[in-house]
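K.L.:
starting from these lines, generate the structure:
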Amino acid sequence: MAETFRALVLDQQDGNTTSRFEDLPLSALPEDDVLVEVAYSTLNYKDGLAITGAGKIVRKFPFVPGIYFAGRVR
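P.N.:
Residues are numbered from 1 along each chain as shown. Model (predicted):
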C-alpha cells in the first residue's frame with residue numbers, strides 16, 4: 001500500500017481561496033479512523049462552494065474537501 005495519498009488541498013492567500021492537488025503522507029490522516037483505499041471520490045455542494053471561495057464554508061486552512069467516496073476498507 002502507498003505511504004501517501006493524493007488530495008485536493010484548499011488554502012487561503014490574501015483573502016482568496018486557492019486549490020492544488022498534493023501528495024500527503026498517511027500520517028496527515030486523523031487517528032483512530034477507518035482507512036479506506038478510495039477508488040472514486042466526489043465533492044458535495046458545500047465543498048464545491050468552498051473551492052470557489054463563495055461563502056464562509058471553511059473555517060481553518062489548509063482544508064482537504066471530499067466527502068463522498070467508494071473503495072475498499074484496509
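K.L.:
which parts of this protein are helices?
P.N.:
45-52 (DSSP state H).
K.L.:
got phi/psi on the residue of it positioned farthest from its centre?
P.N.:
Using Cα atoms, centre = their mean, the residue of the chain lying farthest from its centre is residue 14. It sits 21.0 Å away. Here is the backbone geometry of residue 14 (degrees, to the nearest 10): phi 50, psi 40.
K.L.:
for it, give its distance to residue 53.
P.N.:
Using Cβ to Cβ, to the nearest Å, we find residue 14 at a distance of 11 Å from residue 53. Every C-beta, even on glycine, is put in place using the N, C-alpha and C of the backbone.
K.L.:
what is the neighbour count of residue 47?
P.N.:
Neighbour count for residue 47, taken as other Cβ atoms under 10 Å: 19.
K.L.:
show me what contacts it?
P.N.:
For residue 47, the contact set (Cβ atoms under 8 Å, 6 or more residues apart in numbering) comprises 57, 65, 66, 67.
K.L.:
same thing but 10 Å
P.N.:
Residue 47 is in contact with 8, 10, 57, 58, 63, 64, 65, 66, 67, 68, counting by Cβ atoms under 10 Å, 6 or more residues apart in numbering.
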